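**Q** Need a 3D model of the following:
(2 chains)
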Amino acid sequence: MDRRQFLKTVGGGSAVAGSTGLWFFGLQSGQDPASYTGWTNREGGFQTFDRKRWTVSKPTYEKVGPTSRPDARTGVIFARMGYLGRYDEEKGLDSFPTHVRQYYTEHPEDLELDTRIRQDIHKKRAEDSRKYRSEFILSRAWSSAMGAVGPRGVNGPPEEWDFPKGRGPATPYKMKDPRQTSRLIKKVAHQFGSTLVGIAKLNPDWVYKYPMGGRRGFKANEPIEVPEHWKYAIVVGVPMSWDPMYANPSYGTSNDAYSISRIVAYRLTAFIKNLGYAARPHTPGASYDLMVPPILVDAGLGQQGRHSIVITPELGCNFRPSIVTTNIPMEPDKPIDFGVDDFCKTCKICAKQCPSGAITTGGKETIRGYRRYALHASKCHNFWSSKLGNMGCRLCVAVCPYTRKSNWLHRGALNVLMHDPTGLSDVALAGMQEILYPGKDPQKYYMPSMGGENAAYRDPPWWLKTGDFIELPEDRGQ
Amino acid sequence: MSFFTSGAFWFIEGILAVLAMIGLKVWMEDRQVPMGLWKWILVAVWMLMAGFTIAFIGTSVGESEMAAARKGGIVFSVACAIAGAIVWRLLQIGRARLPSDSETAPPSTGGQESKETAGDGNEKV
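**A** Here you go, the predicted model:
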């Protein structure tokens, strides 16, 4: 073939290839969820990760021995806080009911940490709040507004509340195919506002053995019988707003995601009940009857990281989920493994940045029969309670290398991480994260009376910089 | 979706890349540097590296991650410059010597070189 012929052939081939490319460009433009102006985020266009390639037969947490269900009365820090009002230093552990006394006997460090909140931290916070609170006026207003709208809540036991009772048909509609039902549930959950949706068969080990007090229709101190109709757990949820999230621990909030996550869960509950099936939402704001992270793992949405939060491929750990337990017949999703476990062994950025030291730099422990990283909830909660700005910390979410916005750079890094069999990229990318996206000295995240500077991981976005919009008092601290 | 994240933008980028390669080809022909497939691959790899560097800095600035833009920009730019120098050297392999090279210059006689002069008194070299 001479040169001229070659050029003609290549030119012709390029024309064909180019035309084919234009065809696919047009097809994609027509189907692109981004073109659904106003409903862009409700067309499921953000749950784009191809999970099929990474599915595994068993979830990535390891069961190593006899398992037991968690006692929410003592295992959940918010429930323990409810008992601390009774604490009398003279009576000591006798101030508490038996189960709480037993918990603090087994975890004496937690008693000291939990009582410190009222005795010390709240007082310091009140002082610093007077001086520095004005800095957070806009972020507090935004957080409060995000939490202003919400459903009424679950107020009955499962055998009554979960069933349609006049709202749906007399008997459940017969669903044709569990796989199609799964598709339907995921589609409507996205339409209701969920960014990610996953379905799991509910493992009874995740249901609280005792409820968090006498709430949600349960009697306090009476064990929960796992209802037969809690067959499946549907995970729904959304991320927190990205720019405020990076400005944690102070300027961010959980309410932006919590409020939407709650609304999605209640809409989905109503939808399922309208088909005649039972459904019960378990939503943030401590309105749960079960543990959420392992359900996300079972549902194939992600893997649990060192900080105990589930890391998803699309959102990193910036995902605030709700659960809907139901008996509508569905095909559950399979768990996935995309390399989080190996990365977390190397990275440890969350542990190094955690101001309270609640995240371990060591290895996994056996907790109720499962191997996982332990999180020291009392230490975490103490920092929560001390910092100014909105409730909560979320620093571990912000600093996690997986929690990056979705652009070519971070998607590319994630792909390198997932496809590298050698593990070298774990070290390289964790190192690059520390150098290129550094955090601050963890002590600086504290409020001034505790030796800090009210520091945030990143500056707040322009619309949360109070001083740019509101006249601040002259005698405020800096 | 903005223009710069659209398919149309990449379509135009592709055309520009091809035009740049054609320009390089002509320039190399003028310098009598033969360009084989392996050289084009090297050029393409370097263009990807340079493109990555520019895009990395832009993306980091866009994300307000100035530390990443500064540190990453310096590191990747230096790596790009070094790689560029190496690629340039490799591209010269097989280059024909130009008439201005010493091969065609008159040999030195050890004394002053005699210069022919044209009738108008100007030197002729």
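**Q** Tell me which stretches of chain B form helices.
**A** For chain B, the helices defined by DSSP state H occupy B:7-30, B:37-62, B:66-91.
**Q** Please apply the same query to the stretch 51-200 of chain A.
**A** A:72-75, A:77-84, A:98-106, A:108-116, A:122-132, A:137-146, A:158-161, A:178-191 (DSSP state H, counting those that start in this stretch).
**Q** Minimum distance to chain B: which of those helices has it?
**A** helix A:137-146 (17.1 Å; C-beta to the nearest C-beta). Bear in mind the C-beta positions are built from the backbone N, C-alpha and C, glycine included.
**Q** tell me what the closest one is packed against?
**A** The contact analysis (3 or more C-beta pairs under 8 Å, 6 or more residues apart in numbering or on different chains; DSSP states H and E) places helix A:137-146 against helix A:255-274.
**Q** quick one: pLDDT of the residue positioned nearest the centre of chain B?
**A** In chain B, the residue lying closest to the centroid (C-alpha atoms, centre = their mean) is B:W88, at 6.4 Å. For B:W88, the pLDDT comes out at 93.
**Q** same check, this time on A:D342
**A** For A:D342, pLDDT reads 94.
**Q** Return the per-residue confidence for A:A170.
**A** Looking at A:A170, its pLDDT is 87.
**Q** Kindly report the same for B:G111.
**A** 47.
**Q** With B:L98 instead?
**A** In this prediction, B:L98 carries a pLDDT score of 58.
**Q** ok, now B:A105?
**A** 48.
**Q** same deal with B:T117?
**A** Taking B:T117 on its own, its pLDDT is 44.
**Q** May I see the helices of chain B arranged in JSON lines, with distance to chain A as well?
**A** What follows is the helices of chain B, written out as JSON lines (distance: least, C-beta to the nearest C-beta, whole Å):
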{"stretch": "helix B:7-30", "distance to chain A": "4"}
{"stretch": "helix B:37-62", "distance to chain A": "5"}
{"stretch": "helix B:66-91", "distance to chain A": "4"}
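**Q** per-stretch mean pLDDT over those helices, give me the minimum one.
**A** helix B:7-30 (a mean of 86).
**Q** buried sites along it?
**A** B:G7, B:L24, B:M28 (16 or more other C-beta atoms under 10 Å in any protein chain shown).
**Q** Tell me how far that helix lies from the chain's centre.
**A** Centroid separation for helix B:7-30 versus its chain: 13 Å, with C-alpha atoms, centre = their mean, to the nearest Å.
**Q** swap in stretch A:177-185?
**A** That offset, for stretch A:177-185, works out to 25 Å (C-alpha atoms, centre = their mean).
**Q** CA-only coordinates of it, as CSV, when you get a sec.
**A** Taking C-alpha atoms only, stretch A:177-185 is exported to CSV below (Å, rounded to 0.1, in the frame of the first residue of the first chain):
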residue,chain,number,x,y,z
ASP,A,177,-41.0,-10.8,39.9
PRO,A,178,-38.7,-10.0,42.9
ARG,A,179,-36.0,-8.7,40.5
GLN,A,180,-38.5,-6.3,38.8
THR,A,181,-39.7,-5.3,42.2
SER,A,182,-36.1,-4.4,43.2
ARG,A,183,-35.8,-2.3,40.1
LEU,A,184,-39.1,-0.6,40.9
ILE,A,185,-38.2,0.2,44.5
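**Q** buried set for it?
**A** For stretch A:177-185, a neighbour-count test (16+ other C-beta under 10 Å) marks A:T181, A:S182, A:L184, A:I185 as buried.
**Q** Please name the spatially closest residue to A:G156 (chain neighbours excluded).
**A** Of all residues beyond its chain neighbours, the one nearest A:G156 is A:G217 (4.1 Å), with distances taken as C-beta to C-beta, 6 or more residues apart in numbering or on different chains.
**Q** Then that neighbour would be within a strand, right?
**A** No: using DSSP: H, G, I helix; E, B strand; the rest coil, the assignment for A:G217 is coil, not a strand.
**Q** Residue of the stretch 351-478 of chain A closest to chain B, please.
**A** Nearest residue of the stretch 351-478 of chain A to chain B: A:L436, at 4.0 Å (C-beta to the nearest C-beta).
**Q** can you tell me which residues contact the residue lying closest to that residue once chain neighbours are set aside?
**A** Nearest residue to A:L436 in three dimensions, chain neighbours excluded: B:A68, at 4.0 Å (C-beta to C-beta, 6+ apart). By C-beta atoms under 8 Å, 6 or more residues apart in numbering or on different chains, the contact set of B:A68 is A:L436, A:Y437, B:S60.
**Q** For the closest residue to A:G45 other than its chain neighbours, give me the backbone phi and psi.
**A** Closest residue to A:G45 apart from its sequence neighbours, by C-beta to C-beta, 6+ apart: A:P33 at 2.6 Å. For A:P33, the backbone dihedrals (degrees, to the nearest 10) come out as phi -60, psi -30.
**Q** residues contacting A:P33?
**A** Contact analysis of A:P33 by C-beta under 8 Å, 6+ apart lists A:T40, A:E43, A:G44, A:G45, A:F46.
**Q** Those, buried ones only, as a ChimeraX selection?
**A** Those of the contacts of A:P33 that count as buried under 16+ other C-beta under 10 Å are selected in ChimeraX with:
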select /A:43,44,45,46
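**Q** Grab the two from the contacts of A:P33 that are most spread out in space.
**A** By the measure C-beta to C-beta, A:T40 and A:G44 form the most distant pair in the contacts of A:P33, at 10.6 Å.
**Q** related to what we said a few turns ago, keep only the buried residues of stretch A:177-185 that also lie close to chain B.
**A** By C-beta under 8 Å from any C-beta of the partner chain, no member of the buried residues of stretch A:177-185 lies near chain B.
**Q** Quick check: of those, which lies closest to A:P97?
**A** Looking across the buried residues of stretch A:177-185 and measuring by C-beta to C-beta, the closest to A:P97 is A:I185, at 40.7 Å.
**Q** Any chance of JSON lines for the buried residues of stretch A:177-185, columns distance to A:Y208 and pLDDT?
**A** What follows is these, written out as JSON lines (distance: C-beta to C-beta, whole Å; pLDDT from 0 to 100):
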{"residue": "A:T181", "distance to A:Y208": "27", "pLDDT": "98"}
{"residue": "A:S182", "distance to A:Y208": "26", "pLDDT": "98"}
{"residue": "A:L184", "distance to A:Y208": "30", "pLDDT": "98"}
{"residue": "A:I185", "distance to A:Y208": "24", "pLDDT": "98"}
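**Q** The closest residue to A:L111 other than its chain neighbours and A:K379: what is the separation?
**A** Nearest residue to A:L111, sequence neighbours excluded (C-beta to C-beta, 6+ apart): A:Y104, at 4.3 Å. Here the criterion is C-beta to C-beta, to the nearest Å. By it, A:Y104 lies 15 Å from A:K379.
**Q** Looking at the two, which is more packed in?
**A** Counted by other C-beta atoms under 10 Å in any protein chain shown, A:Y104 and A:K379 do not tie: A:Y104 has more neighbours, with 22 against 18.
**Q** Per-residue pLDDT of the more buried one, please?
**A** With respect to pLDDT, A:Y104 has a value of 94.
**Q** likewise the one 5 residues further on?
**A** As summarised for this prediction, A:E109 has a pLDDT of 92.
**Q** do the same with A:G423
**A** So A:G423 comes in at 89 (pLDDT).
**Q** A:V188 and B:G7, how far apart?
**A** In terms of C-beta to C-beta, A:V188 sits 30 Å off from B:G7.
**Q** Same question for A:L113.
**A** In terms of C-beta to C-beta, A:L113 sits 55 Å off from B:G7.
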